[in-house]
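Asker: Return atomic coordinates for the entry below.
(one chain, ligands or ions: 1)
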Amino acid sequence: MKILITGGAGFIGSAVVRLAVARGHSVVNLDSLTYAANLENVASVSQSPLYAFEQADIRDRAALDRILARHRPDAIMHLAAESHVDRSIDGPGAFIETNVTGTYNLLEAARAWWSAEGRPERFRFHHISTDEVFGSLGETGQFTEATPYDPRSPYSASKAASDHLVRAWHETYGLPVVLTNCSNNYGPFHFPEKLVPVVILNALHGRPIPVYGDGGNVRDWLYVEDHADALLLVLERGRIGRSYNIGGENEARNIDLVRSICAHMDRLRPDAAPHDRLISFVADRPGHDRRYAIDPSRIRDELGWRPSVTVEEGLGRTVEWYLENQDWWRPLLARQGVGERLGTA
Ligand SMILES: NC(=O)c1ccc[n+]([C@@H]2O[C@H](COP(=O)([O-])OP(=O)(O)OC[C@H]3O[C@@H](n4cnc5c(N)ncnc54)[C@H](O)[C@@H]3O)[C@@H](O)[C@H]2O)c1
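Answerer: A predicted model of the protein is given here:
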């Protein structure tokens, strides 16, 4: 397939780009290169004849039309987004513009292209979303694809809006879409403002490791390369008009996740052990969702997909990767907002 991947210079998008090229797909990476992007993430495939890069903004409809006409993709995987909840609290506007208006533009560009091509049946618009659209769970229960939407942050509200648009473009115009809602990803190339890399790098530098609130917030942790694998499977075999929840089958409280990372740091940097002495509880995020949990039955039963690594294995690989790839993350520490406490408004 020839796949247009938006947001392919970001964390998850780049994992999809690398895997798609490795599997012999032709990839066009469309990315505007915001603060969260890094073309180093795709350096391993950038010289491949299967790879092309287009710097463009999904808010720019004319650019999208040009790129679709130039590359004539069989499918679009839409990952470009503003993705950091704390930034959405400080500045929700960018989230509305990119995640809502940008998705609308991309849908319209895709619809125009697909219609002009005679509405090919095999075309797919795959929208990548988050479990955060479902809101917050109590002590029990899991999100299924039928769980009502209940977003509670500007980020999750903007993603929920984009999901609704994608479904509407399918119902109204017949655009062949598939959607996925996944849990928290972690792994190599994760921008150093998100929890897992923040913990690793603060532990490495002997700095306080910030844990929001009482650390009791529960997330389901999904290794990014497992996620990329699930996304390509849904693209190829998912039923049109359907959404699939993707989880790692790894529920953990934030504090336990942080302690696991510290244990890996103790193993790899024993001189500075114990790293968990650096844990420091800080003011909670406003509106912090308490618990997310994914029921992965649909993707497991329909498509036979399961995560390949446990959170222990995935965290071990991730910590090792950060220790071995300091040239990747050091320049990113100078980017705007990195290392600061954001989103306390
Ligand atoms: N990270 C997670 O745990 C997680 C979980 C569930 C869902 N998601 C979703 O997966 C997708 C990718 O997430 P991520 O963590 O890789 O994000 P990221 O912030 O690492 O990367 C986003 C990429 O999109 C690009 N981008 C942003 N605005 C753009 C615009 N207007 N036009 C073109 N490109 C633009 C950025 O330059 C960046 O390369 C997002 O849609 C996100 O909502 C992420």
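Asker: where are the low-confidence patches of the stretch 101-250 of the chain?
Answerer: Applying pLDDT under 70 to the stretch 101-250 of the chain flags no residue at all.
Asker: That one against the ligand: which residues are in contact?
Answerer: With the criterion set to Cβ under 6 Å from any ligand atom, the stretch 101-250 of the chain comes near the ligand through Gly102, Ile128, Thr130, Lys159, Cys182, Asn184, Asn185, Phe191. Placement of C-beta: from N, CA and C, glycine included.
Asker: and which of these is nearest Gly316?
Answerer: Asn185 (16.3 Å; Cβ to Cβ).
Asker: In strands, which of the residues of the stretch 101-250 of the chain next to the ligand fall?
Answerer: Ile128, Thr130, Cys182, Asn184, Asn185 (DSSP state E).
Asker: In a markdown table: those, plus neighbour count and distance to Glu108.
Answerer: Supplementary listing: these in a markdown table, determined by neighbours: other Cβ atoms under 10 Å; distance: Cβ to Cβ, whole Å:
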| residue | neighbour count | distance to Glu108 |
| --- | --- | --- |
| Ile128 | 26 | 18 |
| Thr130 | 22 | 23 |
| Cys182 | 26 | 25 |
| Asn184 | 22 | 31 |
| Asn185 | 24 | 28 |
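Asker: Val28: what secondary structure?
Answerer: strand (DSSP: H, G, I helix; E, B strand; the rest coil).
Asker: wait, isn't it in contact with Lys2?
Answerer: Yes. Using Cβ atoms under 8 Å, Val28 is in contact with Lys2, at 7.2 Å.
Asker: nearest to Arg253, of the residues of the stretch 101-250 of the chain next to the ligand?
Answerer: So of these, ranked by how close each gets to Arg253 (Cβ to Cβ), first place is Asn184, at 12.4 Å.
Asker: which residues does the closest one contact?
Answerer: Going by Cβ atoms under 8 Å, 6 or more residues apart in numbering, Asn184 touches Arg219, Asp220, Trp221, Leu222, Tyr292.
Asker: hmm, 10 Å instead?
Answerer: Neighbouring residues of Asn184 by Cβ atoms under 10 Å, 6 or more residues apart in numbering: 130-132, 194-196, 219-222, 247-248, 250, 252, 254, 257, 292, 294.
Asker: part of a helix, is Phe189?
Answerer: No. Under the criterion used here (three-state DSSP), Phe189 is coil, not part of a helix.
Asker: Looking at Val28 and Lys2, which one has more neighbours?
Answerer: Neighbour totals were compared for Val28 and Lys2, and Val28 leads with 23 against 15 (other Cβ atoms under 10 Å).
Asker: correct me, but that one touches Val21?
Answerer: No. Judged on Cβ atoms under 10 Å, Val28 makes no contact with Val21 at a distance of 11.1 Å.
Asker: pLDDT value on the spatially closest residue to Ser136 that is not a sequence neighbour, please?
Answerer: Leaving aside its chain neighbours, Ser136 sits nearest to Asp289 (3.7 Å; criterion: Cβ to Cβ, 6 or more residues apart in numbering). Predicted confidence (pLDDT) for Asp289: 90.
Asker: So Asp289 is in contact with Gly138, correct?
Answerer: No. Taking contacts as Cβ under 10 Å, Asp289 lies outside contact range of Gly138: 11.2 Å.
Asker: Can you spell out which helices and strands pack onto the helix of greatest length in the chain?
Answerer: When the chain is parsed with DSSP state H, its longest helix is helix 154-173. Applying 3 or more Cβ pairs under 10 Å, 6 or more residues apart in numbering; DSSP states H and E, one finds that helix 154-173 contacts helix 85-90, helix 92-95, helix 103-116, strand 124-130, strand 177-182, strand 243-246.
Asker: Compare these and give me the one nearest Asn41.
Answerer: strand 124-130 (16.0 Å).
Asker: Tell me the buried residues in the helix or strand Asp229 falls within?
Answerer: Per DSSP states H and E: Asp229 is located in helix 224-237. Using 16 or more other Cβ atoms under 10 Å as the test for burial, helix 224-237 gives Val224, Glu225, Asp226, His227, Ala228, Asp229, Ala230, Leu231, Leu232, Leu233, Val234, Leu235.
Asker: In contact with the second one, which residues are there?
Answerer: By Cβ under 10 Å, 6+ apart, the contact set of Glu225 is 12, 15-16, 18-19, 185, 187-188, 307-309, 314, 317.
Asker: Ok, Val16 next?
Answerer: Val16 neighbours (Cβ under 10 Å, 6+ apart): 3, 5, 7-8, 10, 25, 27, 29, 77, 79, 126, 128, 224-225, 227-229, 231-232, 235.
Asker: Repeat that for Ser158.
Answerer: Per Cβ under 10 Å, 6+ apart, neighbours of Ser158: 81-82, 88, 92, 94-103, 133, 151.
Asker: quick one: the closest residue to it other than its chain neighbours from Arg290, how far?
Answerer: Leaving aside its chain neighbours, Ser158 sits nearest to Asn99 (3.8 Å; criterion: Cβ to Cβ, 6+ apart). Counting by Cβ to Cβ, to the nearest Å, the gap from Asn99 to Arg290 is 23 Å.
Asker: Just want to know which of those two has more residues nearby.
Answerer: Neighbours per residue, other Cβ under 10 Å: of Asn99 and Arg290, the larger number sits with Asn99, 27 against 13.
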